[in-house]
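Q: Provide a 3D model corresponding to the input given below.
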Amino acid sequence: MEYKEFAKYYDRFYKNKDYEKEVGFLMNFIKEGDEIIDIGCGTGIHASLIFQKGFYVDCLDLNDEMLEVAKTRLKSNFYSQNILDINIDKKYDVIISMFAVLNHLKSVDELEKCLSNLRGILKDDGKIIIDLHNPQSSGSKKDSFDNMTRIMEWNYEKKNRIENSKITFMIGYKRYDDSHVFKIFTIDEVKECCTKIGLKVLNVYENYDLDKEGKETSKNLQFVICN
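A: Model prediction:
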């Protein structure tokens, strides 16, 4: 998909996403003076909300158009990099990766490499918090507002733990087509990758709720990881 024109519309399609709840969850793991980086920051909403609370947040994303939108939201260091090839000469107290960014990885080997890269920029007493999509079935959805429509269809292959999605955005008379393939990682796969590279999963949560333990049947999972 060509994001150059679409980036400015992106947030309007996700205006009902509860960013405040997600950031409220993240703040439980952030302390005064922490330096933070948002891996796969997109248009920078999570980062900007944390920034508004008085924290310094760097931003990394592969998509330059999304980064340009993020730059309008906060003052930061912005890195246009792939999560498999992170090259930053700095270490952080907290690394966050929201909105299923790591589901874009294609295999457990890539997940291990990515987590190893994150460990490389993590302080000894730091934490990594990642959000993973964890679908249970196939489906479709259509929503419309103003002069815009979004049609989503997703097919979950349970045997291979792969989700294929197609999304059509109609903005006035203009159409944007998007598709992506998500690799769905099990809780045990994430834990095993962490163990191999010297990290440890402290907790797994469901739906950004400290009172809900993440399970294999949870629709989404939040992992809190440390050295």
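Q: can you map out the strands along the protein?
A: 35-39, 56-61, 78-80, 92-97, 122-133, 139-145, 148-157, 162-171, 174-183, 200-206, 209-213, 220-226 (DSSP state E).
Q: Could you tell me which strands the shortest one is paired with, and in which direction each runs?
A: Right, the one you point to is strand 78-80. Note on strand 78-80: by DSSP bridges, its sheet partners are strand 56-61 (parallel).
Q: can you check the fourth one too?
A: Sheet pairing here is set by DSSP bridges, and for strand 92-97 it gives strand 35-39 (parallel), strand 122-133 (parallel).
Q: could you measure the residue nearest to residue 43 when sequence neighbours are not counted against residue 13, distance?
A: Using C-beta to C-beta, 6 or more residues apart in numbering and skipping residues adjacent in sequence, the residue nearest residue 43 is residue 69, 4.2 Å away. Just so you know, the C-beta spots here come from the backbone N, C-alpha and C atoms, and that holds for glycine as well. Distance, residue 69 to residue 13, by C-beta to C-beta, to the nearest Å: 13 Å.
Q: follow-up on the earlier one: quick check, the residue nearest to residue 43 in contact with residue 45.
A: No - Residue 69 is beyond contact range of residue 45, at 9.4 Å (criterion: C-beta atoms under 8 Å).
Q: which residues touch the residue nearest to the spatial centre of the chain?
A: Per C-alpha atoms, centre = their mean, the C-alpha nearest to the average position across the chain is that of residue 98, at 2.6 Å. Residue 98 is in contact with 22, 38, 40, 46, 130, 131, counting by C-beta atoms under 8 Å, 6 or more residues apart in numbering.
Q: Tell me which residue of this protein is furthest from the middle?
A: Distance to centre of the chain, C-alpha atoms, centre = their mean, peaks at residue 173 (30.3 Å).
Q: With residue 148 as the reference, measure out to that residue.
A: 11 Å.
Q: How far off centre is the longest helix along the chain?
A: Criterion DSSP state H: the longest helix present in the chain is helix 108-120. In terms of C-alpha atoms, centre = their mean, to the nearest Å, the centre of helix 108-120 is set 15 Å apart from its chain centre.
Q: How about stretch 141-161?
A: 18 Å.
Q: just stretch 220-227 next, same as before
A: Centre to centre, stretch against its chain (C-alpha atoms, centre = their mean), the figure for stretch 220-227 is 12 Å.
Q: and it, which residues are buried?
A: 220, 221, 222, 223, 224, 225, 226 (16 or more other C-beta atoms under 10 Å).
Q: So what's the model's average confidence on that stretch?
A: Taken as a whole, stretch 220-227 has a mean pLDDT of 97.
Q: Show residues contacting that stretch.
A: Outside stretch 220-227, the residues touching it (C-beta under 8 Å, 6+ apart) are 25, 29, 100, 115, 119, 122, 124-134, 187, 190, 194, 198-208, 214.
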